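Undergrad: fold the following, please.
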Amino acid sequence: MAESLLASVSNHFEWRYLQFRYRISSERISRTIGSVESSFHVDTYREFLRVVDYQNEEFVIEALLDTIRSDDVLWDIGANIGTHSCYIGQKAGQTIAIEPFPDNAQRARENCSLNDVDATVCEYAVGAHEGEATLAVPDTDDNVVGVGTFSLQTDARNAQSVDVDVVPGDQIIQNRGVALPDVIKIDVEGGEADVLRGFDRGLQNARAVLVEVHPRYVDRDEITRLLESHGFSVSILRQRNDEVHVLATVDDR
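TA: Reported below is the predicted structural model:
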């Protein structure tokens, strides 16, 4: 009981501290991971949180920085405001940032440009089949730039929503002239299996895929099977209650 109370108090003061930092921060924040510095436009508290703590995913950026090569094409599927693209894209030859929420996509363009990242920002969702879908924003979140809890799942109660186009990765390559990926990052809040199912050509070309798996919506073993069927070896980077980060690699590509 005492430990739970202490944790609650600690979280409260941390939240208040972050709010204070946001109030005194400028509209542009620069951060460094490894040897790569990136700058970001910050107009909302959600953006500020995403930039200052990367939603506790700095290790994801570090792993991808260690993987990327100077002539690689990076696909950042679920790019949000471009935090990952801005770091990894500085070391890649080309970046494809895919983000269906319009305000986030626009901010990703601005942030990539701010960091001289050669990025194509695609404003749609990636899935198994072409069509349309409703992007749900849980009612616990404000519909503002930087929100990262969007989902194509249908169980978000009383959610705000945005209608988006869904395009399989293979069709993006075939019909829209986008380069094949060498490194893929997937963070799509439960739609990760659909992304993989519609991306055979991309998976056949890529040598590394980092997926944030949400067990609430998808079976992690299914994700592993889909990746292994394309020749990848799969390892777990980190596991916590609501998500598992897996890294899939192929040595001979």
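Undergrad: ok, which stretches of the chain are strands?
TA: Assigned by DSSP state E, the strands in the chain fall at 28-33, 36-41, 73-77, 94-98, 119-122, 125-126, 131-137, 160-167, 183-186, 208-213, 233-240, 243-249.
Undergrad: looking at those, spot the one closest to residue 219.
TA: Taking C-beta to C-beta, strand 208-213 is the member of the strands of the chain nearest to residue 219, at 8.8 Å. Yep, even glycine has a C-beta here, placed from its N, CA and C like the rest.
Undergrad: ok, back up a step: going by mean pLDDT, which of the strands of the chain comes out lowest?
TA: Per-stretch mean pLDDT for the strands of the chain is lowest at strand 131-137 (a mean of 79).
Undergrad: give me the angle between that strand and strand 160-167.
TA: Going by axes from the mean of the first three to the mean of the last three C-alpha atoms, to 10 degrees, strand 131-137 is angled at 150 degrees with respect to strand 160-167.
Undergrad: pLDDT weak spots in this structure?
TA: 1-25, 137-160 (pLDDT under 70).
Undergrad: show me the helices in it, by range?
TA: 2-24, 45-53, 58-67, 83-88, 102-114, 169-176, 192-197, 200-205, 220-228 (DSSP state H).
Undergrad: closest one to residue 129 among those?
TA: Among the helices of the chain, helix 192-197 comes nearest to residue 129, with 8.0 Å by C-beta to C-beta.
Undergrad: identify all contacting residues around the closest one.
TA: 77, 126-128, 152, 169, 186, 188, 203, 211-214, 218-219, 222-223, 226-227 (C-beta atoms under 8 Å, 6 or more residues apart in numbering).
Undergrad: how about stretch 203-219?
TA: Here stretch 203-219 has contacts from 57, 60, 63-64, 67, 78, 151, 153, 180-193, 196, 220, 223, 227, 230, 232, 237, 242-251, 253, using C-beta under 8 Å, 6+ apart.
Undergrad: buried ones only from those residues, please, as a ChimeraX command.
TA: The following ChimeraX line selects those of those that are buried, judged by 16 or more other C-beta atoms under 10 Å:
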select :57,60,63,64,67,78,151,153,181,182,183,184,185,186,187,188,189,190,191,192,193,196,220,223,227,230,232,237,243,244,245,246,247,248,249,250
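Undergrad: picking that back up, closest to residue 161 out of the helices of the chain?
TA: Nearest to residue 161, of those and by C-beta to C-beta, is helix 102-114 at 12.9 Å.
Undergrad: any chance of TSV for the strands of the chain, columns distance to residue 47?
TA: Converted to TSV, those look like this (distance: least, C-beta to C-beta, whole Å):
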stretch	distance to residue 47
strand 28-33	9
strand 36-41	7
strand 73-77	17
strand 94-98	16
strand 119-122	16
strand 125-126	21
strand 131-137	15
strand 160-167	18
strand 183-186	19
strand 208-213	19
strand 233-240	23
strand 243-249	21
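Undergrad: distance from the chain centre to stretch 177-194, please.
TA: 9 Å (C-alpha atoms, centre = their mean, to the nearest Å).
Undergrad: distance check, residue 90 against residue 66.
TA: 14 Å (C-beta to C-beta, to the nearest Å).
Undergrad: ignore what I typed, I meant residue 192.
TA: Remark: distance between residue 192 and residue 66 (C-beta to C-beta) = 22 Å.
Undergrad: check contacts around the spatially closest residue to residue 26 that is not a sequence neighbour.
TA: Residue nearest to residue 26 in three dimensions, not counting chain neighbours: residue 42, with 7.7 Å by C-beta to C-beta, 6 or more residues apart in numbering. Applying C-beta under 8 Å, 6+ apart to residue 42 gives the contacts 25-29, 48, 51.
Undergrad: can you rerun that using 6 Å?
TA: Residue 42 sits next to 27, 29, 48 when contact means C-beta atoms under 6 Å, 6 or more residues apart in numbering.
Undergrad: filter these down to the buried ones.
TA: For the contacts of residue 42, buried by 16+ other C-beta under 10 Å: 29, 48.
Undergrad: ok, the contacts of residue 42 vs residue 112, which is closest?
TA: Distance to residue 112 across those (C-beta to C-beta) is lowest for residue 29, with 15.4 Å.
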